[in-house]
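1. any chance you can model this:
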Amino acid sequence: MHATEFQRIGKRLFAEHLIGGNFGNISVRDTCEGRDGFYIKSTGAFLDDFVEPVFVPLEGNVPPEASSEYRVHKAVYKTTTFSAIVHAHPPHAVAASFVFDAVEPKDSEAVMFCPRIPVVTGTPGSQEIADNVAHALKQAKVTIVRGHGTFAAGKNLEEAFIFTSLAEYSCKVLLLKEQYEKIQ
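-> Predicted coordinates:
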């Protein structure tokens with residue numbers, strides 16, 4: 001079930017140019033059958049391929065094939081009620097992260113759902129990035145890691161994907177708004 005859903009969302013991420021190559025990862029929380037952990041993309045796997053995700057317990061050993069960003073997913077699941085996370089590398093959102101400490105969207109959809117998108121720092125794969133993203137996602141549904149990409153969370157992968165797409169769209173709109181203001 002998870003592999004099919006991971007592949008479906010992965011294809012959408014590629015179609016909207018929110019990821020490239022084997023970058024990015026997604027996860028789904030799992031508390032069934034006495035387990036407490038999450039399924040995550042395996043390291044090096046392409047999100048649009050049918051690949052079985054790896055189970056990572058919230059406590060205990062992490063399988064070596066788990067995505068290198070497992071720390072972020074683990075920290076978010078330990079500190080929030082979200083059930084799914086999408087980590088992508090949307091180019092406009094990454095570019096905006098070099099300019100803003102927080103993105104304040106102007107388009108109506110983002111103003112309704114993500115009126116402020118925090119920008120955090122941290123080295124990819126580190127505990128620092130995990131702590132910073134988890135803290136930001138306590139206040140917002142999507143955050144951008146400066147120079148790295150977005151982490152969006154939701155009740156399911158579909159919702160996390162929508163917030164990922166929304167962040168990229170909002171950053172594009174901000175750029176276009178600035179360009180149009182220059183020609184007035």
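2. worst-scoring helix or strand of the chain, pLDDT-wise?
-> The helix or strand of the chain with the lowest confidence, counting by mean pLDDT, DSSP states H and E, is helix 108-113 at a mean of 87.
3. contacts for it?
-> Contacts of helix 108-113 with the rest of the structure, by CB atoms under 8 Å, 6 or more residues apart in numbering, involve Pro105, Ile117, Lys141, Phe163, Leu166, Ala167, Tyr169, Ser170, Val173. To be clear about C-beta, it is placed using only N, CA and C from the backbone, and glycine gets the same treatment.
4. in the protein, which ranges drop under the pLDDT threshold?
-> 1 (pLDDT under 70).
5. show me where it has its helices.
-> 2-15, 70-79, 91-97, 108-113, 127-136, 157-183 (DSSP state H).
6. closest to Asp49 out of those helices?
-> Asp49 lies closest, by CB to CB, to one member of the helices of the chain: helix 2-15, at 6.7 Å.
7. what helices or strands is that closest one leaning on?
-> strand 25-30, strand 84-88, helix 157-183 (3 or more CB pairs under 8 Å, 6 or more residues apart in numbering; DSSP states H and E).
8. would you tell me which one of the ones you listed is buried the most?
-> Greatest average neighbour count among these goes to strand 84-88 (a mean of 29), per mean count of other CB atoms under 10 Å.
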